[in-house]
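Participant: 3D, please:
(one chain, ligands or ions: 1)
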Amino acid sequence: MTSTGNHGIPSMSKGNLGKSWQLRTENNIEIVEKFGACNCDYHKACGNNGFVWDEVKRDFDWHHTGRVNIAHEAIDRHAVSWRKNKVALYWEGPNKEHAKYTFAEMKLLSDKFANVLKKTGAKKGDRIFVYLPRIPELYISAMAIAKIGAIFAPLFGGFRAEAVRDRMNDCSAEMIVTTPDMKRLGIDPIRHEVPSLRTIMICQAPEGFKYGEGELSYDAEMMYAPEEHETEWCHLEDPVIMHYTSGTTGKSKGVIHVHNAMIGHYITTKWVQDLRDDDVYWCTADPGWVTGTSYGIFGPWLNGASQVVYAGRFSADSWYSVVDKYKVTVWYTAPTALRMLMKAGDDVVGRYSLKSLRYITSVGEPLNPEVIRWGMKVYDLPIHENYWMTETGCNVVANFYSLPLKVGSMGKPFPGVQAAVVDDKGNILPPGVPGNLVLKPGWPSMMRGIWNNPEKYKEYFRIPGWYVTGDSAYLDTDGYFWFMGRVDDVIKTSGERVGPFEVESALLEHPAVAEAGVIGKPDPLYGNIIKAFIALKPGHEGSEELKREISDFVKAKLAAHAFPKEIEFRPSLPKTRSGKIMRRVLKAQELGLPLGDLATLDDE
Ligand code: WT7
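Facilitator: The predicted structure follows:
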């Protein structure tokens with residue numbers, strides 16, 4: 001690849017690594033030249049030369065013992081190795097409280113909690129929800145649930161009662177781990193509507209807290225729990241993690257991941273995040289979303305890495321102070337956060353020492369080239385973007401540490417992952433032609449099913465021979481993939497995935513709402529915001545006050561993060577003859593795009 005023309009930014013010294021990079025343009029594509037030697041054999045493997053998944057299996061204990069459990073590989077094996085006193089988790093709370101846990105301590109605490117879980121009657125295969133803020137109990141729960149062979153189902157703390165109810169009922173969940181506040185907001189209002197729910201485990205309850213039926217104190221149970229626990233050995237294909245995520249139609253669906261996913265978690269964290277034993281790693285994602293589990297729990301610990309969890313609110317000051325205080329070296333974050341940091345300005349960067357940072361990565365939405373350019377200026381590092389989704393379980397396309405980075409591209413497929421751009425019939429399209437981004441099934445952390453919904457699972461394979469991501473993209477002649485957009489109505493707001501149907505359903509429960517259509521409206525900071533078009537029932541007048549009331553209604557019932565930021569009242573909404581609201585028409589109107597033959601598209 002030849003690059004021409006300096007883009008006006010001089011090459012800068014890469015400080016600690018002593019490398020240098022330049023921003024260049026070639027056919028209007030900016031390229032950051034090779035960044036450095038990475039942790040992988042990418043020079044061999046990243047080119048897909050000779051990479052086989054089977055070789056990765058050798059790095060796990062189960063390869064020699066035949067005894068499988070992701071929690072054993074993530075925590076327990078390190079607790080008996082030289083890493084036993086290495087810090088697994090540096091935790092910092094909202095008020096700068098802090099704690100740290102070694103691998104040995106994490107093993108002890110998760111063994112104890114596994115015993116607590118068993119005492120309540122929890123067993124292999126049970127669905128156990130974890131509805132917690134990012135407190136240490138969340139991470140202990142994840143490991144303990146896996147250790148008893150149950151299924152860890154994390155729920156983002158922003159969700160409220162109806163969302164919690166629908167998800168728990170979908171898989172007849174037996175237990176939920178929570179805090180008093182979240183219980184009050186998200187569980188109490190619907191407790192009687194979830195018949196399968198036997199146990200509510202309450203963390204950090206204040207003294208004098210009144211426990212209802214089936215409610216237990218985490219702290220009290222842990223105090224007397226036995227320390228010895230025998231891990232439940234599983235099959236590689238046994239489910240262990242379930243993330244509820246959204247599509248275009250229907251309510252949220254449970255994406256099932258199995259123990260075998262650890263192969264993908266481990267090797268992608270090692271190669272895409274370039275983790276090494278002396279790194280201090282910080283993934284800013286909440287474990288309610290898949291980035292926060294694959295790369296904020298399992299991936300780093302499968303590599304025996306020390307990771308930072310910051311549970312406080314976002315601000316440029318608080319985030320930079322975390323990097324400074326813990327000397328973070330590898331930082332995995334998201335475009336909305338980076339855009340907010342850019343907005344906060346350059347001065348605040350100067351108040352902290354960010355010298356420890358050696359590598360920054362981003363995921364979840366397209367990363368604007370201007371953010372990358374800004375990052376090079378203020379962090380002295382290019383931000384490496386990668387791509388994947390809840391269903392893929394791990395990174396599938398990435399800009400690797402060792403490869404020239406094309407600014408604005410998602411990068412190249414992970415070794416062992418075959419990605420392509422195809423038309424609706426499955427014909428492979430030539431470079432430069434946009435189409436469906438698809439993957440050849442078979443990488444180890446691909447989802448194994450949708451809970452209770454084989455039909456939905458099948459839809460992912462509607463183009464024969466491929467897993468269909470639902471994204472459109474094109475490929476360039478160097479083998480880099482470029483994101484175009486979703487082909488469906490899924491909304492990405494602040495990088496979080498929201499299904500329009502769920503928001504519409506919540507809106508329809510408001511007494512004034514007759515019809516609702518929800519779209520993602522492009523936004524420079526959040527990627528998209530949620531916009532609702534609403535037709536009111538007779539006798540109701542649209543007003544600013546009603547907008548606020550409706551927004552608050554959705555916030556309280558469904559989610560504190562997935563409510564319409566913008567509402568527009570319409571006398572009626574565009575519908576197909578069968579009565580389905582045409583979101584794409586609403587979107588085209590909103591964006592001032594030609595309707596074309598959109599009007600008939602949905603009318604099948
Ligand atoms: C959707 C998946 C991000 C992994 C965890 C979130 C979008 C993801 C990129 C990127 C543009 C991206 C896609 C994808 N997405 N990465 N680098 N550039 N879009 O997973 O919540 O299941 O969302 O996020 O639309 O399908 P998720």
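Participant: ok, for Thr336, nearest residue in space, not its chain neighbours?
Facilitator: Distances taken as C-beta to C-beta, 6 or more residues apart in numbering place Ser494 nearest to Thr336, at 4.3 Å, with adjacent residues excluded. Bear in mind the C-beta positions are built from the backbone N, C-alpha and C, glycine included.
Participant: Need phi/psi at the one you found.
Facilitator: Phi and psi for Ser494, reported as degrees, to the nearest 10, are phi 50, psi 30.
Participant: swap in Trp466?
Facilitator: When read as degrees, to the nearest 10, the backbone of Trp466 gives phi -130, psi 150.
Participant: ok, now which ones touch it?
Facilitator: Ala420, Val422, Gly426, Asn436, Val438, Leu439, Lys440, Pro441 (C-beta atoms under 8 Å, 6 or more residues apart in numbering).
Participant: and the first one, that's in a strand?
Facilitator: This points to Ala420. Yes: judged by DSSP: H, G, I helix; E, B strand; the rest coil, Ala420 forms part of a strand.
Participant: and the residue lying closest to Glu391 once chain neighbours are set aside, how far is that from Val87?
Facilitator: Among residues not flanking Glu391 along the chain, Met447 sits closest, at 4.6 Å (C-beta to C-beta, 6+ apart). Distance of Met447 to Val87, given as C-beta to C-beta, to the nearest Å: 32 Å.
Participant: What's the local residue count around the closest residue to Glu232 other than its chain neighbours?
Facilitator: Spatial nearest neighbour of Glu232, chain neighbours left out: Gly149 (3.6 Å); criterion: C-beta to C-beta, 6+ apart. Applying other C-beta atoms under 10 Å, we find 24 residues neighbouring Gly149.
Participant: Relative to Phe483, which of the contacts of Trp466 is nearest.
Facilitator: Nearest to Phe483 among those: Asn436, at 12.5 Å, using C-beta to C-beta.
Participant: Tell me the pLDDT of whichever residue of the stretch 101-250 of the chain sits closest to the ligand.
Facilitator: Closest contact between the stretch 101-250 of the chain and the ligand, by C-beta to the nearest ligand atom, is at Thr245 (5.2 Å). Looking at Thr245, its pLDDT is 97.
Participant: now do Val32
Facilitator: 87.
Participant: Count the neighbours of it for me.
Facilitator: Around Val32 there are 25 residues (other C-beta under 10 Å).
Participant: Would you check that it makes contact with Ile383?
Facilitator: No: in this structure Val32 lies outside contact range of Ile383 using C-beta atoms under 8 Å: 9.6 Å.
Participant: Pull the number of nearby residues for Asn303.
Facilitator: If you count neighbours by other C-beta under 10 Å, Asn303 ends up with 23.
Participant: Enumerate every residue touching Asp76.
Facilitator: Contact analysis of Asp76 by C-beta under 8 Å, 6+ apart lists Lys107, Thr231.
Participant: Validate this expectation: it resides in a helix.
Facilitator: Yes: checked against three-state DSSP, Asp76 lies within a helix.
Participant: Helix, strand or coil: sort out Lys84 for me.
Facilitator: Applying three-state DSSP: Lys84 is helix.
Participant: Report the separation between it and Gly36.
Facilitator: 31 Å.
Participant: quick revisit: any shared contact partners between Val32 and Ile383?
Facilitator: The contact sets of Val32 and Ile383 overlap at Ile372 (C-beta under 8 Å, 6+ apart).
Participant: Could you list the contact residues of the chain toward the ligand?
Facilitator: Residues of the chain lying close to the ligand by C-beta under 6 Å from any ligand atom are 245, 289-291, 363-366, 385-390, 410, 469-471, 483, 486, 492, 497.
Participant: Who are the packing partners of the helix or strand harbouring Tyr139?
Facilitator: Assigned by DSSP states H and E, Tyr139 belongs to helix 136-147. For helix 136-147, the packing partners by 3 or more C-beta pairs under 8 Å, 6 or more residues apart in numbering; DSSP states H and E come out as helix 70-71, strand 87-92, helix 103-119, strand 127-130, strand 151-154, strand 175-178.
Participant: can you list those in CSV and add mean pLDDT and mean neighbour count?
Facilitator: Listed next are these as CSV, based on pLDDT from 0 to 100; neighbours: other C-beta atoms under 10 Å:
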stretch, mean pLDDT, mean neighbour count
helix 70-71, 99, 30
strand 87-92, 98, 22
helix 103-119, 98, 22
strand 127-130, 98, 26
strand 151-154, 98, 26
strand 175-178, 98, 28
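Participant: I'd like to know how many residues surround the closest residue to Met182 other than its chain neighbours.
Facilitator: Sequence neighbours aside, Tyr131 is the residue nearest to Met182 in space, at 5.6 Å (criterion: C-beta to C-beta, 6+ apart). For Tyr131, the count of nearby residues is 25 (other C-beta under 10 Å).
Participant: just Gly485 next, same as before
Facilitator: Count around Gly485 with other C-beta under 10 Å applied: 12.
Participant: SS state for it?
Facilitator: Here Gly485 is recorded as strand under three-state DSSP.
Participant: Secondary structure element holding the closest residue in space to it that isn't next to it in sequence?
Facilitator: Nearest non-adjacent residue to Gly485, counting by C-beta to C-beta, 6+ apart: Ser472, 5.7 Å away. Using DSSP H and E, Ser472 falls within strand 467-475.
Participant: Check Glu385 too.
Facilitator: strand 383-387.
Participant: That strand vs strand 467-475, what angle?
Facilitator: Between strand 383-387 and strand 467-475, the angle comes out at 140 degrees (axes from the mean of the first three to the mean of the last three C-alpha atoms, to 10 degrees).
Participant: From the chain's centroid, how far away is strand 383-387?
Facilitator: Put simply, strand 383-387 sits 14 Å off its chain's centre (C-alpha atoms, centre = their mean, to the nearest Å).
Participant: what does it contact?
Facilitator: So strand 383-387 is contacted by 35, 272, 338, 359-363, 366-367, 371-372, 375, 395-401, 405, 409-411, 481, 483 (C-beta under 8 Å, 6+ apart).
Participant: make it 6 Å
Facilitator: With contact meaning C-beta atoms under 6 Å, 6 or more residues apart in numbering, strand 383-387 is reached by 272, 360-363, 367, 372, 375, 395, 397-399, 410-411.
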